[in-house]
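Visitor: okay, sequence plus prediction incoming.
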Amino acid sequence: NYQRKSYVTQLHKVYNEISQASQQYITDRNAINLTEAGLNSQDTTNNFIEKYFKIVQDCTTSPSSCFAIGDYRRITGTPIGLFENTTRKKYVLANGAAVHLTANGDGKILIYIDVNGKQGPNIVGRDVFAVMMYNNGVIDDSNPECNIPEAPLSTDLREEIFEQNCIVDSQNWWGCFGKILNDNWEMNY
């Protein structure tokens, strides 16, 4: 229980940092959403994180510099290949979290977070999460296969995504973050 609380506390810190940065980005550009503010490509996404976060390590396109490549598993224990075949930049933040942001091209940014970097347990839903920053700057869960236009998501939709992705051997690894939101920042699974 202590470890779970520790992971959730770190996830909450990263969530707050990203939420504040997204709102500041919108405000700084006197815009109504992230697209209008100009956050609409991988280059602007990289610039966003480099300007609004304290970066302690820029891992360029080398995933193994930030993430425990080859060591990730699902809650079920099944190995899952994460961050191995991507050319997008990755960073380690001052709080120790490793992050990878991907511009989705539709006003949303996919954010992959390992709350304690390369340290274990490297389990999706424990210390590794996928979240979405929506065009309105709100951070919530998602599933790229669903066309979810904006956040916040409903409690029922978060629960559905959790059941279909987080706790089973699915091809996706969404849903864990939404369950934590639904359970008031508790890891009850």
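Guide: Here it is on my side, so go on. Numbering: from 1, shown residues only.
Visitor: the helix or strand encompassing F48: which residues count as buried?
Guide: Assigned by DSSP states H and E, F48 belongs to helix 42-52. Neighbour-count burial for helix 42-52, counted by 16 or more other Cβ atoms under 10 Å, picks out 42, 45-46, 48-49, 52. Where you see a C-beta, it was placed from the backbone N, CA and C, and this is true even at glycine.
Visitor: and for stretch 75-84?
Guide: Buried residues in stretch 75-84 (16+ other Cβ under 10 Å): 75, 80, 82-83.
Visitor: stretch 51-60 too?
Guide: Counting neighbours by 16+ other Cβ under 10 Å, one finds that the buried residues in stretch 51-60 are 52-53, 59.
Visitor: tell me who's in contact with E186.
Guide: 8, 180 (Cβ atoms under 8 Å, 6 or more residues apart in numbering).
Visitor: what do you get if the cut-off is 10 Å, keeping everything else the same?
Guide: E186 sits next to 4-5, 8, 179-180 when contact means Cβ atoms under 10 Å, 6 or more residues apart in numbering.
Visitor: go ahead and confirm I69 touches S62.
Guide: Yes - using Cβ atoms under 10 Å, I69 is in contact with S62, at 9.4 Å.
Visitor: who has more neighbours, these two?
Guide: Neighbour totals were compared for I69 and S62, and I69 leads with 16 against 12 (other Cβ atoms under 10 Å).
Visitor: before we move on, back to that, so of the buried residues of stretch 75-84, which ones are in strands?
Guide: Assignment to strands by DSSP state E places none of the buried residues of stretch 75-84 there.
Visitor: just name the closest of those residues to Y189, please.
Guide: The shortest approach to Y189 among the buried residues of stretch 75-84 belongs to I75, at 7.5 Å (Cβ to Cβ).
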